[in-house]
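>>> coordinates for the following, if possible.
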Amino acid sequence: MCDNAKRFRAVRSELAKAYPIQPRGKFARHLATLAGLLSGIVCSKSVNLTNVASEVLDGNKPSSREKKFCRLIDN
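Predicted structure coming up:
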């Protein structure tokens, strides 16, 4: 089991540094989803969304996270 919460915070903070202003609102939510996707890929060592969603730790079900990541990729 990897320390995904610590990795998620590190990825999210580094993504936020790439923008000149502090992300707020919907943009911050999209940034958090992207950070979750990236940390899940690293932790699961796979790009299969089912495996990635099972590694991300937020308050949602893995199937909901999988749909969220799929929508992010489609957009």
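
>>> helix or strand for Glu66, just tell me which one.
Glu66 belongs to helix 62-74 when assigned by DSSP states H and E.

>>> quick one: average pLDDT of that helix?
Across helix 62-74, pLDDT averages out at 91.

>>> so which residue of this protein lies furthest out from the middle?
Of all residues in the chain, Pro20 has its C-alpha farthest from the mean position, at 20.9 Å, by C-alpha atoms, centre = their mean.

>>> scan the protein for its longest helix.
Across the chain, the longest stretch assigned as helix under DSSP state H is helix 26-44.

>>> contacts only, for the residue farthest from the centre of the chain.
By C-beta atoms under 8 Å, 6 or more residues apart in numbering, no residues touch Pro20. Just so you know, the C-beta spots here come from the backbone N, C-alpha and C atoms, and that holds for glycine as well.

>>> next up, phi/psi of it, please.
phi -70, psi -30 (degrees, to the nearest 10).

>>> that one and His30: what is the separation?
Distance of Pro20 to His30, computed by C-beta to C-beta, to the nearest Å: 17 Å.

>>> where in this protein is pLDDT low?
Scanning the chain for pLDDT under 70 picks out the ranges 1-2.

>>> for the residue most central in space within it, which non-adjacent residue is spatially closest?
In the chain, the centroid-proximal residue (C-alpha atoms, centre = their mean) is Gly36; its distance is 1.2 Å. Leaving aside its chain neighbours, Gly36 sits nearest to Val56 (4.7 Å; criterion: C-beta to C-beta, 6 or more residues apart in numbering).
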